[in-house]
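In: Have a look at this prediction, sequence included:
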Amino acid sequence: MISIKSEQELLKMRRAGEVVAGVFEVIQSEIKPGVSTAHIDKIVYEYITKQGCTPSFKGYGGFPASICTSVNEEVVHGIPGNRILKDGDILSVDVGACFEGYHADAARTYPVGNITPEAQRLIDVTKESFFVGMKQATAGNRIGDIASAIQQYVESQGYSVVRALVGHGIGAKLHEDPEVPNYGIAGRGARLQKGMTIAVEPMVNMGHYDVYTLDNEWTVVTDDNSLSAHYENTVIITDGEPEFTTLR
């Protein structure tokens, strides 16, 4: 069942979103060669808790960390640990924060040191695909309008959209109805209404869209070992332009 949020609920989600946006500002200078993914996770945990929030991911379904750190061919749900970032890597960071029972969720992909132009283009196209989709994120449109716009843009750039994983509604639960795919047919799916809150998160592969999960039962990687990038914001549907709670 899709939840329409009250203004009080939206205020809490906006606060959670501010904290998530702050996370990206705090970690940007830390993402460099020689740094471990566990170090970045520690910084995020300390920042979120000092802001009066709790990390949405820590303990969720047994996940052991406050952020997901997915490197290169890892699409999502990479577990922070002793892995040391190297020059030329790309790192996707997915993070959620909860304020007074309401969540925000967002992701960014970062270059580590000097990356190839091809890797940078993948990051740029993934981010741009989110904003292409957001042109359809108005009350009265449907989820499929967002999904179709993202897919068409990504594929026009020569990349593929991951199909095994989708965005989602968000609010009092980290994952709520409806599912928000990054591919599909315009005019299909749930109708967007003022007060709906969704996490839209294109996951884009340089190669084929097929993925599989590693033996740790969390980390999803590309089937063909190609690079993958991720971009996500928490979105409030309004009477006009969508509002992004996790973007400053």
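Out: Arrived safely.
In: give the contact list for Ser226.
Out: Residues near Ser226 by Cβ atoms under 8 Å, 6 or more residues apart in numbering: 73, 205-208. In short, each C-beta sits where N, CA and C put it, glycine included.
In: Now which of these would you call buried?
Out: Among these, those classed as buried by 16 or more other Cβ atoms under 10 Å are 73, 205-206.
In: distance of Ala172 from Tyr209?
Out: Going from Ala172 to Tyr209 by Cβ to Cβ, to the nearest Å gives 32 Å.
In: And for Glu73?
Out: Distance, Glu73 to Tyr209, by Cβ to Cβ: 13 Å.
In: how about the helices of the chain, start to end?
Out: For the chain, helices defined by DSSP state H occupy the ranges 7-27, 37-50, 117-134, 143-156.
In: Deepest in the core, which of the ones you listed is it.
Out: Here the criterion is mean neighbour count by mean count of other Cβ atoms under 10 Å, and of the helices of the chain the winner is helix 143-156, at a mean of 22.
In: Mind listing residues that contact it?
Out: Contacts for helix 143-156 (Cβ under 8 Å, 6+ apart): 125-126, 128-130, 132-137, 160-161, 178-190, 192, 200, 202, 204.
In: average model confidence for that helix?
Out: Throughout helix 143-156, pLDDT has a mean value of 98.
In: Just want the angle from it to helix 117-134.
Out: 160 degrees (axes from the mean of the first three to the mean of the last three Cα atoms, to 10 degrees).
In: Quick check: Gly189 touching Arg142?
Out: Yes - shown here, Gly189 and Arg142 form a contact pair, counting by Cβ atoms under 8 Å, at 4.8 Å.
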